[in-house]
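>>> when you get a sec, could you give me coordinates for this:
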Amino acid sequence: MPPNRRRLSGVAAIEGALAKGTPIARLLVREDDEALADLVALATERGVEVVAEPPREMQRMTEGDGIERAIALVGPPPEKTLAAVMTGPGLALHLCRLRYPGNVGFILRAAEVAGAAGVALDVEWTEKEHAAARRASIHAERFLPVVEAETARVFQAARAAGRCIVAVETSGEATPWSLDLTRPTLIVVGGEAEGIPELRLAEADETVRIPTRGFIPSYNVQAATSMLLGEWLRQTEPFA
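All right, here's what the predicted structure looks like:
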């Protein structure tokens, strides 16, 4: 998550933040908790977007045991522009012509959990397919910049922002752990069957492959992208 946004849990803590005038972009509350009416009214008065969630969803959003009654995103809302994705702190992702909403949704969720800068999509989908991807991501787009743009525009924006463009393909020679992911980087993954178009693949600065040892020659795009996110975290987080 960018340094200017953070997670805040607990009714008392959120009420205190609102009382101090702390900017809050979004507030999630349990839909079955009538005792939260005052908090909801205060947040609404301050212009905060309030989303009532069922207990199951609140449990999925809770860190640790139990179920939080209220969770807030403190800071400005995610800016939904291509420039914001490319200039934001962290790894940026580009999903080029993926076909299946479930795959995209999984990647959006993984990107948000890892704290990526954002995701640019180049897809030809109906609204129904977009909705399916959002559901699969547990609506990660609420907390993560997600935009649509053609791959040519995405590459142009990445270059303008000084990002290294790394394509993920079975034809690559580099491995994830040989990359320097501490520098500003755009990771590009292609469609489940066709991969990244040859023209765009040739424009990448580096092409990386995920090593395999089994009979099947490649990973699902979800798994491959998650491995890159994990390697980025390994290189940039001060884990003990």
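
>>> quick check: residue 80 touching residue 146?
Yes - with contact defined as CB atoms under 8 Å, residue 80 reaches residue 146; the gap is 6.9 Å. Quick note: C-beta positions are derived from backbone N, CA and C, even for glycine.

>>> in terms of neighbours, single out the busier of those two.
Neighbour count, other CB atoms under 10 Å: between residue 80 and residue 146, residue 146 has more, with 25 against 14.

>>> now the nearest residue to the more buried one once chain neighbours are set aside, which residues is it bridged with?
The shortest distance from residue 146 to any non-neighbouring residue, by CB to CB, 6 or more residues apart in numbering, is to residue 119 (5.0 Å). Residue 119 has these beta-bridge partners by DSSP bridges: residue 93, residue 146.

>>> wait, isn't residue 119 in contact with residue 98?
No - between residue 119 and residue 98 there is no contact under CB under 8 Å: 10.9 Å.

>>> these two: which is more packed in?
Ranked by neighbour count (other CB under 10 Å), residue 119 and residue 98 place residue 119 first, with 27 against 23.

>>> state the distance from the more buried one to residue 194.
As defined by CB to CB, to the nearest Å, residue 119 lies at a distance of 19 Å from residue 194.

>>> cool, residue 54 as well?
The gap separating residue 54 from residue 194 is 38 Å, by CB to CB.

>>> residue 63 now?
For residue 63 relative to residue 194 (CB to CB), the value is 39 Å.

>>> same thing with residue 161?
27 Å.

>>> residue contacts, residue 123?
By CB atoms under 8 Å, 6 or more residues apart in numbering, the contact list for residue 123 reads 95, 97-98, 104, 129, 148.

>>> go again using 10 Å as the cut-off
Each residue near residue 123 by CB atoms under 10 Å, 6 or more residues apart in numbering is listed here: 95-99, 101, 104, 129-130, 133, 148, 191.

>>> so for the residue of the chain positioned farthest from its centre, what's the pLDDT?
For the chain, the C-alpha farthest from the mean C-alpha position belongs to residue 35; by CA atoms, centre = their mean, that distance is 32.1 Å. If you check residue 35, the pLDDT there is 96.

>>> got it, and residue 239?
64.

>>> quick one: the helices in this structure?
Using DSSP state H, the helices of the chain run over 11-19, 37-45, 55-61, 82-87, 101-114, 127-136, 151-160, 198-203, 221-236.

>>> counting by contacts, list what the third one packs against.
With contacts defined as 3 or more CB pairs under 10 Å, 6 or more residues apart in numbering; DSSP states H and E, helix 55-61 has these neighbours: strand 24-30, strand 49-53, strand 70-74.

>>> with mean pLDDT, distance to residue 235 and mean neighbour count added, can I get the ones you listed in TSV?
Converted to TSV, these look like this (pLDDT from 0 to 100; distance: least, CB to CB, whole Å; neighbours: other CB atoms under 10 Å):
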stretch	mean pLDDT	distance to residue 235	mean neighbour count
strand 24-30	96	29	21
strand 49-53	95	34	16
strand 70-74	97	26	22
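
>>> now render these as a markdown table, adding distance to residue 227.
Output for these, formatted as a markdown table (distance: least, CB to CB, whole Å):
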| stretch | distance to residue 227 |
| --- | --- |
| strand 24-30 | 30 |
| strand 49-53 | 30 |
| strand 70-74 | 27 |
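
>>> could you give the number of residues near the closest residue to residue 189 other than its chain neighbours?
Nearest non-adjacent residue to residue 189, counting by CB to CB, 6+ apart: residue 168, 4.9 Å away. Number of residues near residue 168 (other CB under 10 Å) recorded here: 25.

>>> list the contacts of residue 168.
Shown in contact with residue 168 (CB under 10 Å, 6+ apart): 93, 176, 187-190, 195-196, 204, 206-210, 219, 221, 224-225, 227-228.

>>> cool, thanks, signing off.
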